[in-house]
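K.L.:
Provide a 3D model corresponding to the input given below.
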Amino acid sequence: MKFKIDDRTEEEYIFFRFTNNKTKDGQRRIEKIFKDLLEVTGREISRDSILKFQNWYMTKYSHHETRKKYYTNTRNFLEWLYKKTGDYRFRELKELLVTPKRPSKKINSILLREDDVRNVVSAIYKLPINPHDSKMRHYYSKIKFIAFVLLASYTGQRPESTLVKLTLNDIREALERDPPMLWIPEEKDKESFPHWVPLHPVVVEWLKPVIEFYDIHPQGPSDNRLFHKYPVYKLLKKINVKAIHTGIPIRPSHFRKFFEQMCNNVLMVHPGLRDYIMAHNTGSLDVQSYDGKLPSEIYYQYMEKWGKVNLVPPEVKLEELIHNLSPTGD
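P.N.:
Here you go, the predicted structure:
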């Protein structure tokens, strides 16, 4: 929905709030927060503009009480619009707002951004060849591990309870769909929540050679699991890439947190879409609303936010790794 706030609506709301708050400080605060809302949203109320405003005041103000005042006043305005118009969508918008929490005295130990993932991808790419491995195995492992990191980062799936359960057939079928969508059945999800997962073009690009190589050099039945917990953990421990902002070593579970933080703080993805893809808060109304959408609708809404995100550093060349898969490198 999109609702334009005209001058009359503004005057009526301010009059209503001032009637119930007689103190000068309270009225000044109400007026300032409302003017900020009008400016940041461009006087248009919608899902995107409300999330944009929330991101604005959470970024601009670090003091908990100030954030709480913005949160409360924004909810009050949306509730007033609901009572004025009878349009229940204003209450749905109100529920998008997240209650500000008092900041912990400890820094968030898991804080990742795009460059953190790029650093992991680059470190895997630069690994020297193991003298005990064949050249073909070395380069195939690089492609496969980078594909895992990208899949985890672009989708937010649980590495240890979902990604390690995926088979070659699961990936092959996902790549054959148009648009590319991975189906996670309930037995492969920690919350037993069956859902569709959009595959970003970058993920598709890196998964394709994994499947193609396997088809040429079969290593077992196609219902075998593609990724395994211990080798991934061992590799990340070996390259020992530390998060830029916190200095902690990056581990497999951190990529799910990266996806969530990108959705919340950078891309401003709708919470329902975020939680549906992550299979998180699956009982919420927002998630249930996405459960009723077509896979293509989920894909295009995902790509609208994530489409321009590229987590592969320019120095990492997939073509070079594929070239080196042949025994002769020709």
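K.L.:
distance of residue 53 relative to residue 41?
P.N.:
6 Å (Cβ to Cβ, to the nearest Å). Placement of C-beta: from N, CA and C, glycine included.
K.L.:
which of those two has more residues huddled nearby?
P.N.:
Using other Cβ atoms under 10 Å, the more surrounded residue of residue 53 and residue 41 is residue 53, with 21 against 18.
K.L.:
ok, and the closest non-adjacent residue to the more buried one?
P.N.:
residue 40 (4.8 Å; Cβ to Cβ, 6 or more residues apart in numbering).
K.L.:
how many neighbours does the closest residue to residue 190 other than its chain neighbours have?
P.N.:
Nearest non-adjacent residue to residue 190, counting by Cβ to Cβ, 6+ apart: residue 161, 4.3 Å away. When neighbours are defined as other Cβ under 10 Å, residue 161 has 14 of them.
K.L.:
how about residue 137?
P.N.:
Neighbour tally, residue 137, other Cβ under 10 Å: 14.
K.L.:
which SSE is it in?
P.N.:
In this assignment (DSSP states H and E), residue 137 forms part of helix 135-155.
K.L.:
residue 189 is in contact with the residue nearest to residue 190, correct?
P.N.:
Yes. Shown here, residue 161 and residue 189 form a contact pair, counting by Cβ atoms under 8 Å, at 7.4 Å.
K.L.:
coming back round to it: list the residues that contact the residue nearest to residue 53.
P.N.:
By Cβ atoms under 8 Å, 6 or more residues apart in numbering, the residues touching residue 40 are 49, 52-53, 56.
K.L.:
outline the domain layout of this protein.
P.N.:
According to automatic domain parsing, the chain comprises the domains 3-94, 114-323.
K.L.:
among those domains, which is the most enclosed?
P.N.:
Of all these, domain 114-323 carries the top mean neighbour count, a mean of 17, counting by mean count of other Cβ atoms under 10 Å.
K.L.:
averaged pLDDT, it. What do you get?
P.N.:
Domain 114-323 shows a mean pLDDT of 92.
K.L.:
likewise stretch 8-28?
P.N.:
Stretch 8-28 comes out at a mean pLDDT of 90.
K.L.:
any chance you could list what contacts it?
P.N.:
With contact meaning Cβ under 8 Å, 6+ apart, stretch 8-28 is reached by 30-31, 34, 38, 76-77, 80, 84.
K.L.:
and with 10 Å instead?
P.N.:
With Cβ atoms under 10 Å, 6 or more residues apart in numbering as the contact definition, stretch 8-28 has outside contacts at 3, 5-6, 29-31, 33-35, 38, 43, 45, 73, 76-77, 80-81, 83-85.
K.L.:
ok, residue 180 touching residue 203?
P.N.:
Yes. When contacts are counted by Cβ atoms under 10 Å, residue 180 is listed as touching residue 203 (8.1 Å).
K.L.:
need the overlap of contacts for these two.
P.N.:
Common contacts of residue 180 and residue 203, defined by Cβ under 10 Å, 6+ apart, comprise 171, 174, 197.
K.L.:
just those residues: which are in strands?
P.N.:
Mapping the shared contacts of residue 180 and residue 203 onto strands (DSSP state E) picks out residue 197.
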